[in-house]
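>>> here is my input; please provide its structure:
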Amino acid sequence: KTACPEARHLTLPDELSSIKAVVTGRADACFTTQAVASYLMQQHGYSAQLYCAEVMLGSPDTANLRMAVRDDWPLLQSALNKAIASLSPGEITALRMNWFSPTPLTSDDLHEQHYWRRLAIMAGILVLLVALILLVDRLVGNRLLFGLASLRSRLVGGAFLLIVLAALVVATLTGLRRLEKDARSQAGALLHSKLLAADNALLAWVAEERAKVMQRALLPPELIAAVERLTSNLYQGTSHSPHADQAILRAYFQEQSNTHGNFEFFLIGADRLTVVAANEKDINHQSLFAMHWPELLTRALAGNPVVAPPIVSLPASAGDGATRATESVLIYTAAPIYSYGGKVLAVLALASPHESTYLPTFKSFNSLLKTSETYAFDRAGRLLTESRFNHTLEQAGLLLPGQSSVMHLRLADPGGNLAGDFQPGSPPAAWPLTLMATEATSGRAGLNVNGYRDYRGVRVLGSWAWNADLNLGLATEIDEEEALASFRQNRATLLGM
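As a prediction, the model looks like this:
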């Protein structure tokens, strides 16, 4: 009422009535429990027509569902609590999506959901044709056009047949326009559903990575003391030395890296310089994380775990990149290291190869359809996930043979289809961002089912959003040709009739 005072409220008896009101156009939106709404949408076939998203109203705890256990069954209560506590954030998100989210559409939905509508339209056109011909035949004395005796009768019969033909053409074109609109709408629902699923999966991965780095920043007492001595220079009058403390911390984190995954580690002080690292050459220098994402380092120094978008590490770059022989793309996670008094002593930053992070999650979203692609990108429009069309990009000269598209491809519109015979008249640096990338990097979410060119120059339909917290965008696109394949097949059938 406060945000939209002009909105008119419609009270209905139950959740299903509210959903039907949105489907029929009586209402623009309805508020209900997300789990109930998702279930009813699936049961009644509304999943492709409606978008279901969670809105926080009042206390966020009201959205949390719970299990009830009899008070005389304490063992079951204990077992359930232990099982729930063992779930990772990613597993919890997967369960919520499986039970409480609309079922994502698949390629079959782009074809099968139009079947009965196509059949009804075709049957209606046939019935109309037969009825109009019978009407003409009756009006002219049960004789067909060429059997009419007089010129007047022939003119009347011809006029009616022209009317029949015009009516058939109008009905066919109207039906085709409706079918195309429905096909684009169904594709839009598919894209939006996949985008929401990818966003939830990415958020789950981020939550899990934050939890991991926070866990690794919890150090034993003797190591916390070593970090405090290093960051505060508390060595005068003690038997400790900076070199010895660095060696102890380096050995500890190297063991953690060998045990829990191949990551590089950096302890960063309040002055933003590295105090401990795997390579001694990186000490007293800024790491790539500190140089590329100073605002995220500020958040980590303030006590918040963070996950940074990918960073390209060049072989000859300063800081930690100086130890690499080849170019690599790294994902940094960071968390504060606290003293026993609750003071932030330093930030632990972990760098992992991007191939071992969120990329497998995105690959799973690109397996349902032949040309659909879900990907992430940064504020400059650079791709943060691997393109499924690297071969096309290599042939067009946008990538070197075998080169990763992550951080090397700008989402720019070449002006024509690079997979065809189109030859751009300007270098890639001069190409404008695609319509999707322009909107998303400006902070505007959107859904386009009318079609636009993607970074290959191919016409696609797409849905996109910008995540301000992670400072990256997400998009899901499908080639227009595949999205409208069912419609075009149906159009050929109708025109053939």
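>>> got a list of contacts for stretch 433-453?
Contact partners of stretch 433-453, identified using CB atoms under 8 Å, 6 or more residues apart in numbering, comprise 184-185, 187-188, 191-192, 377, 379-381, 410-417, 432, 454-455, 459-466, 468, 473-475, 477, 480. Every C-beta, even on glycine, is put in place using the N, C-alpha and C of the backbone.
>>> what do you get if the cut-off is 6 Å, keeping everything else the same?
Here stretch 433-453 makes contact (CB atoms under 6 Å, 6 or more residues apart in numbering) with 184, 188, 192, 379, 381, 411-413, 454-455, 459, 461-466, 473, 475, 480.
>>> cool, stretch 262-271 as well?
Under CB under 6 Å, 6+ apart, the answer for stretch 262-271 is 231, 253, 257, 274-278, 287, 346-347, 349-352.
>>> what about it, how long is it end to end?
27 Å (CA to CA, to the nearest Å).
>>> got it, and stretch 408-421?
Termini of stretch 408-421 sit 23 Å apart (CA to CA).
>>> so D71: helix, strand or coil?
Assigned state for D71: coil (three-state reduction, DSSP: H, G, I helix; E, B strand; the rest coil).
>>> for A226, which non-adjacent residue is closest in space?
Distances taken as CB to CB, 6 or more residues apart in numbering put D245 closest to A226, at 4.0 Å, once the chain neighbours are dropped.
>>> related to what we said a few turns ago, out of the contacts of stretch 262-271, who's nearest D72?
L350 (47.2 Å; CB to CB).
>>> check which helix or strand covers that closest one.
L350 is located in strand 344-353, with elements delineated by DSSP states H and E.
>>> mean confidence for that strand?
For strand 344-353, mean pLDDT rounds to 92.
>>> try stretch 234-248
Here stretch 234-248 scores 88 as its mean pLDDT.
>>> then stretch 400-407?
Stretch 400-407 carries an average pLDDT of 88.
>>> ends of that stretch, what's the gap?
Span of stretch 400-407 from end to end, CA to CA: 13 Å.
>>> figure out how far it is from the centre of its chain.
In terms of CA atoms, centre = their mean, to the nearest Å, the gap separating the centre of stretch 400-407 from the centre of its chain is 22 Å.
>>> what lies in contact with that stretch?
310, 312, 329, 382-383, 386-387, 390, 394, 399.
>>> buried stuff in that stretch?
Within stretch 400-407, the residues that qualify as buried by neighbour count (16 or more other CB atoms under 10 Å) are 404-407.
>>> identify, from the residues you listed, the entry nearest to A167.
S405 (52.5 Å).
>>> that closest one: which element?
Counting by DSSP H and E, S405 is found in no helix or strand.
>>> from T441, how far out is it?
Using CB to CB, to the nearest Å, one gets 18 Å for the distance from S405 to T441.
>>> the strand holding L350 pairs with which strands, parallel or anti?
Partner strands for strand 344-353, per DSSP bridges, with pairing direction: strand 264-268 (antiparallel), strand 328-338 (antiparallel).
>>> follow-up on the earlier one: which of the contacts of stretch 433-453 fall within helices?
Among the contacts of stretch 433-453, DSSP state H puts 184, 188, 192, 480 in helices.
>>> nearest to L196, of the strands paired with strand 344-353?
strand 328-338 (23.0 Å).
>>> which of the residues in the closest one are buried?
328-338.
>>> with stretch 254-265 instead?
257, 263-265.
>>> excluding its backbone neighbours, what's nearest G303?
Closest to G303 by CB to CB, 6+ apart is P336, at 5.1 Å.
>>> bridging residues for the one you found?
Those that pair with P336 in a beta bridge, by DSSP bridges, are V347.
>>> do I have it right that it meets L345?
No - using CB atoms under 6 Å, P336 is not in contact with L345, being 7.9 Å away.
>>> helix, strand, or coil at the nearest residue to E15 once chain neighbours are set aside?
Counting by CB to CB, 6+ apart, E15 lies nearest to T32, which is 4.6 Å off, once chain neighbours are set aside. Under three-state DSSP, the three-state class of T32 is coil.
>>> and T32, how far is that from L16?
9 Å.
>>> and if you look at E477?
33 Å.
>>> okay, those two: which has more neighbours?
Remark: of E477 and L16, E477 carries more neighbours, 26 against 17, as counted by other CB atoms under 10 Å.
>>> could you say which helix or strand contains that one?
Using DSSP H and E, E477 sits in strand 472-479.
>>> what residues does that strand touch?
Residues outside strand 472-479 that contact it (CB under 6 Å, 6+ apart): 191, 194-195, 198-199, 309, 371-374, 376-378, 436, 440, 454, 458, 460-466.
>>> hmm, try it at 7 Å
With contacts defined as CB atoms under 7 Å, 6 or more residues apart in numbering, strand 472-479 is touched by 187, 191, 194-195, 198-199, 202, 309, 369, 371-378, 384, 436, 440-441, 454, 458, 460-467.
>>> quick one on the thing from earlier: what about burial for the contacts of stretch 262-271, which qualify?
For these, a neighbour count by 16+ other CB under 10 Å gives the buried set as 231, 253, 257, 274-278, 287, 346-347, 349-352.
>>> the residue nearest to G303 against T298, yeah?
No - using CB atoms under 7 Å, P336 is not in contact with T298, being 11.4 Å away.
>>> need the overlap of contacts for these two.
Common neighbours of P336 and T298 (CB under 7 Å, 6+ apart) do not exist.
>>> can you get me the start-to-end distance on stretch 330-350?
Using CA to CA, one end of stretch 330-350 lies 10 Å from the other.
>>> what are the ranges of the helices in the stretch 101-250 of the chain?
Remark: helices assigned in the stretch 101-250 of the chain by DSSP state H, counting those that start in this stretch are 107-112, 115-139, 151-216, 221-232, 242-260.
>>> worst mean pLDDT across the helices and strands of this structure, which element?
Using mean pLDDT, DSSP states H and E, the weakest-scoring helix or strand in the chain turns out to be helix 107-112, at a mean of 48.
>>> give me the buried stretch members for stretch 475-492, please.
Buried residues in stretch 475-492, defined by neighbour count with 16+ other CB under 10 Å: 475-480, 482-487, 490-491.
>>> meant to ask about stretch 419-435
419, 424, 431, 433-435.
>>> same question, stretch 231-239
Those would be T231, for stretch 231-239 by 16+ other CB under 10 Å.
>>> go ahead and confirm T274 touches E280.
No - if you go by CB under 7 Å, T274 and E280 don't touch, sitting 10.1 Å apart.
>>> and for the residue nearest to R184 when sequence neighbours are not counted, the neighbour number?
With sequence-adjacent residues excluded and distances taken as CB to CB, 6+ apart, R184 is closest to V449, at 4.0 Å. Using other CB under 10 Å, V449 has 19 other residues around it.
>>> same question, A376
So A376, with other CB under 10 Å, has 23 neighbours.
>>> next up, identify which helix or strand it is on.
Per DSSP H and E: strand 373-377 holds A376.
>>> export the following helix or strand past that strand as PDB, just CAs?
Downstream of strand 373-377, the first helix or strand assigned by DSSP H and E is helix 390-395. In PDB, the C-alpha atoms belonging to helix 390-395 read as follows (Å, rounded to 0.1, in the frame of the first residue of the first chain):
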ATOM      1  CA  ASN A 390      34.500 -21.300 -28.900                       C
ATOM      2  CA  HIS A 391      34.900 -23.000 -32.300                       C
ATOM      3  CA  THR A 392      32.900 -20.300 -34.000                       C
ATOM      4  CA  LEU A 393      34.800 -17.600 -32.200                       C
ATOM      5  CA  GLU A 394      38.200 -19.100 -33.200                       C
ATOM      6  CA  GLN A 395      37.100 -19.300 -36.800                       C
END
